[in-house]
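**Q** could you look at this predicted model? Sequence included:
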Amino acid sequence: MAKTGGRRRWKRILIVTATVVGVFVALLGGGFAWLWTTADVSTVGKVDFSNRLAVPPLAKSTVDKDGTRVFDLRMQSGHKEFNKGRRTPTWGFNGDYLGPTLRAERGEKVKVRIANRLKEASTVHWHGMHLPARMDGGPHQMVEPGDTWSPRWKIDQPASTLWYHPHPHGATEKHVQRGLAGMFLVDDKPSSGLELPKKYGVDDVPVIVQDVKFDGADFDHGHGFMQSTGFLGDRTMVNGTMKPYQEVGDELVRLRLLNASTARIYDFGLSDDREFALVGTDGGLLESPARMNRIQLSPGERAEIVVRMKPGEKTVLRSYSHDTYGDAWQQRFSGGDDSFDILQLRAADKLRPSPEIPGELGELEVPHGKDSARERFFELRTSGINGRAMDMSRVDETVTRGTTETWTVRNEDGVPHNFHVHDVQFRVLEVNGRRPPAELRGAKDTVFVPGGTTVKLAMRFDGPADPDTPYMYHCHLLFHEDGGMMGQFVVVDKGDKAGRPPAGHGHGDH
Ligand SMILES: [Cu+2]
């Protein structure tokens, strides 16, 4: 009797436990299934392209007595109506959102007077520019509210699509998301002589792509569940224009694509899958155009593509889903399954004829790596580079001026990262031991490094020696950068030691 009762009690306990566990697992599974199925976003086929694309104005400049070209940039707060009837609080340069396009020629001396009219300190970094460390606009060159900072340097690099944006340690994501970014175009004589589309805003169009999310009138900058890469928006805009279209009046149109998003990786193509010619990457023109129908850009990267149009037709610049993230989990929660209709191109009924683009575009100025004086290794994890989080007062690497180095960068933690080096343009020698694809054979300053991937880069350090002022290298997914995925290097004369940079400023520090 006692024996059967015991057994019955055990049976009851078992049934109750099994039911509780079963319900729990079902809820968890259901919850997970819901998260999984709602994690991907697509605007393909849902955008009505009702707004003409805004083209950032070319920045006005004056020329000093000594020949220096002088620009003025004012960091300010404002409002912009991205969506009808809704005024969104924003930041911008000389306006409400984004900034004018700066343009200068190789060999010119430039000076930019930057006035900070915001209520907090910030910086302006010249992404892709070869210049002295003190002018670089990294976290050591903070501009206090009300102050002006006037970096100056001589442009000494090939024609290219560069850009500028704030770089305050710990707060870069926030400052860029609010609207502080703009293009800096470098021209040179060889590229000006090439038959490439070059009428700014007409057949040579800046395309600054950002993803965005709104909460009523305000930006919603919250990070979603499991989004280990940082902020991912549910819509895109170009040059601050939602649902944009661009009228095309020429047979060939050159798009200067800039991924100015903080975490999103795009795989650009045209909606009808037509081929385009890739003519340039981060640091300038390729040696020859590469025909393709997709070009992937991680945050900070640029690509110049030339698209052929037929009279009267329409096509859409789209970002396709792509499976380059390393694993299915990252693929889904870091945006790999997402797709966006980004910019509609509308060809006029009659198009001006464009000459065929040249088969040769020039010679690259990035080193081959054969004469590398030194190799360095960088292991990327979200927690830091080479096991260390960023420290403003620590110099991580000391480089000898006038030498070429080979840097091997490996993503060790599965989360997508990329790698950006200040001051230099590099050549990608290898991706996972193999020759890189066509889109990585030009001059680069930022390279995507998906989980488990190793890239080998060659770069030459020609900047002036400055043992006390570091340049940065970092992941350009800004949430990661802000969290400490950054390191510092100084360039010194042969035999010299690194100095001690100041611990920094405090602003934005964790
Ligand atoms: Cu990263």
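**A** Okay, I see it. Numbers count the residues shown, from 1 in each chain.
**Q** if you count contacts, what does the helix or strand harbouring residue 267 end up packed against?
**A** Assessed by DSSP states H and E, residue 267 sits inside strand 266-270. With contacts defined as 3 or more CB pairs under 8 Å, 6 or more residues apart in numbering; DSSP states H and E, the packing partners of strand 266-270 are strand 295-297, strand 302-308, strand 314-319, strand 340-352. For the C-beta atoms, the positions are set from N, CA and C on the backbone; glycine is no exception.
**Q** what mean pLDDT does it get?
**A** For strand 266-270, the mean pLDDT works out to 98.
**Q** sheet-wise, list the partners of it with their directions.
**A** strand 295-297 (antiparallel), strand 314-319 (antiparallel) (DSSP bridges).
**Q** next, the buried residues of the lowest-mean-pLDDT helix or strand in the chain.
**A** When each helix and strand of the chain is scored by mean pLDDT, DSSP states H and E, helix 2-38 comes last, with a mean of 77. For helix 2-38, the neighbour count (16 or more other CB atoms under 10 Å) marks no residue as buried.
**Q** so what touches the helix or strand following that helix?
**A** As assigned by DSSP H and E, the chain's next helix or strand after helix 2-38 is strand 51-52. Applying CB atoms under 8 Å, 6 or more residues apart in numbering, the contact partners of strand 51-52 are 241, 242, 243, 244, 245, 246, 247.
**Q** if we can go back for a sec, closest to the ion out of the strands paired with strand 266-270?
**A** The ion sits nearest to strand 295-297 of all those, at 15.0 Å, using CB to the ion.
**Q** go ahead and flag the most central residue of the chain.
**A** The centre of the chain sits closest to residue 300, judged by CA atoms, centre = their mean, with a distance of 1.7 Å.
**Q** wait, doesn't it sit right on residue 420?
**A** Yes: Residue 300 is in contact with residue 420 according to CB atoms under 8 Å; the separation is 5.5 Å.
**Q** which neighbours do those two share?
**A** 127, 445, 446, 476.
**Q** can you redo those residues as TSV with secondary structure, distance to the ion and neighbour count?
**A** Listed next are these as TSV, based on DSSP: H, G, I helix; E, B strand; the rest coil; distance: CB to the ion, whole Å; neighbours: other CB atoms under 10 Å:
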residue	secondary structure	distance to the ion	neighbour count
127	strand	16	25
445	coil	16	28
446	strand	11	24
476	coil	8	25
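**Q** domain assignment for the chain?
**A** 52-188, 204-352, 374-492 (automatic domain parsing).
**Q** end to end, how far does the first one reach?
**A** Pointing back at domain 52-188 there. Distance between the two ends of domain 52-188: 30 Å, counting by CA to CA, to the nearest Å.
**Q** circling back to that earlier point, of the helices and strands packed on strand 266-270, which is nearest residue 223?
**A** Nearest to residue 223, of all the helices and strands packed on strand 266-270, is strand 340-352, at 18.8 Å by CB to CB.
**Q** would you pull up the residue in the stretch 151-300 of the chain closest to the ion?
**A** The ion sits closest to residue 229 of the stretch 151-300 of the chain, with a gap of 7.0 Å, by CB to the ion.
**Q** just the helices in this protein please.
**A** Along the chain, the segments classed as helices by DSSP state H run 2-38, 172-177, 189-192, 328-333, 478-482.
**Q** how close does residue 327 sit to the ion?
**A** Distance of residue 327 to the ion, given as CB to the ion, to the nearest Å: 15 Å.
**Q** er, residue 355 I mean
**A** Where the ion is concerned, residue 355 sits at a distance of 42 Å (CB to the ion).
**Q** what mean pLDDT does stretch 291-301 get?
**A** Here the average pLDDT along stretch 291-301 is 98.
**Q** mind listing what's buried in that stretch?
**A** Buried, per 16+ other CB under 10 Å, within stretch 291-301: 294, 295, 296, 297, 298, 299, 300, 301.
**Q** C-alpha coordinates for that stretch, PDB please?
**A** The C-alpha trace of stretch 291-301 is given here as PDB (Å, rounded to 0.1, in the frame of the first residue of the first chain):
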ATOM      1  CA  ARG A 291      32.600  44.500 -64.200                       C
ATOM      2  CA  MET A 292      30.300  43.000 -61.500                       C
ATOM      3  CA  ASN A 293      26.800  43.100 -60.200                       C
ATOM      4  CA  ARG A 294      27.300  43.200 -56.500                       C
ATOM      5  CA  ILE A 295      29.600  45.300 -54.300                       C
ATOM      6  CA  GLN A 296      29.700  44.800 -50.600                       C
ATOM      7  CA  LEU A 297      30.500  47.700 -48.300                       C
ATOM      8  CA  SER A 298      30.900  47.600 -44.500                       C
ATOM      9  CA  PRO A 299      30.700  50.800 -42.400                       C
ATOM     10  CA  GLY A 300      33.200  53.400 -43.600                       C
ATOM     11  CA  GLU A 301      34.000  51.800 -47.000                       C
END
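**Q** is any residue of that stretch near the ion?
**A** No: Stretch 291-301 stays clear of the ion (CB under 5 Å from the ion), getting no nearer than 9.0 Å.
**Q** quick one on the thing from earlier: turn the helices and strands packed on strand 266-270 into CSV, columns for distance to residue 270.
**A** CSV is the format used below for the helices and strands packed on strand 266-270 (distance: least, CB to CB, whole Å):
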stretch, distance to residue 270
strand 295-297, 11
strand 302-308, 7
strand 314-319, 5
strand 340-352, 8
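**Q** mind listing what's buried in the strand ranked longest in the chain?
**A** Secondary structure of the chain read by DSSP state E shows that its longest strand is strand 69-83. Going by neighbour count (16+ other CB under 10 Å), the buried part of strand 69-83 is 69, 70, 71, 72, 73, 74, 75, 76, 80, 82.
**Q** adjacent strands (with direction) for it?
**A** strand 61-63 (antiparallel), strand 86-93 (antiparallel), strand 109-116 (parallel).
**Q** of the ones you listed, which is nearest the ion?
**A** Nearest to the ion among the strands paired with strand 69-83 is strand 86-93 (23.7 Å), distances taken as CB to the ion.
**Q** could the C-alpha coordinates of that closest one be exported in CSV?
**A** Extracted in CSV, the C-alpha atoms of strand 86-93 (Å, rounded to 0.1, in the frame of the first residue of the first chain):
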residue,chain,number,x,y,z
ARG,A,86,7.6,65.5,-38.4
ARG,A,87,10.5,67.6,-37.3
THR,A,88,13.4,65.4,-36.2
PRO,A,89,16.1,66.9,-33.9
THR,A,90,19.4,66.5,-35.7
TRP,A,91,23.0,67.6,-35.9
GLY,A,92,24.8,68.8,-39.0
PHE,A,93,27.8,70.7,-40.5
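**Q** quick one on the thing from earlier: distance of the residue nearest to the centre of the chain from residue 445?
**A** 8 Å (CB to CB, to the nearest Å).
**Q** now swap in residue 44 and tell me
**A** For residue 44, the distance to residue 445 - CB to CB - is 31 Å.
**Q** also residue 193?
**A** Counting by CB to CB, the gap from residue 193 to residue 445 is 25 Å.
**Q** what does residue 478 give?
**A** Separation of residue 478 from residue 445 (CB to CB) stands at 16 Å.
**Q** do the same with residue 388
**A** 22 Å.
**Q** repeat for residue 10
**A** Taken as CB to CB, the span from residue 10 to residue 445 is 68 Å.
**Q** count the residues that sit near the nearest residue to residue 150 once chain neighbours are set aside.
**A** Spatial nearest neighbour of residue 150, chain neighbours left out: residue 113 (4.7 Å); criterion: CB to CB, 6 or more residues apart in numbering. As a burial measure, residue 113 scores 14 neighbours (other CB atoms under 10 Å).
**Q** try residue 64
**A** Neighbours of residue 64 using other CB under 10 Å come to 11.
**Q** contacts only, for the residue nearest to residue 68 when sequence neighbours are not counted.
**A** Nearest residue to residue 68, sequence neighbours excluded (CB to CB, 6+ apart): residue 109, at 4.3 Å. Going by CB under 8 Å, 6+ apart, residue 109 touches 66, 67, 68, 69, 152, 153, 154, 155.
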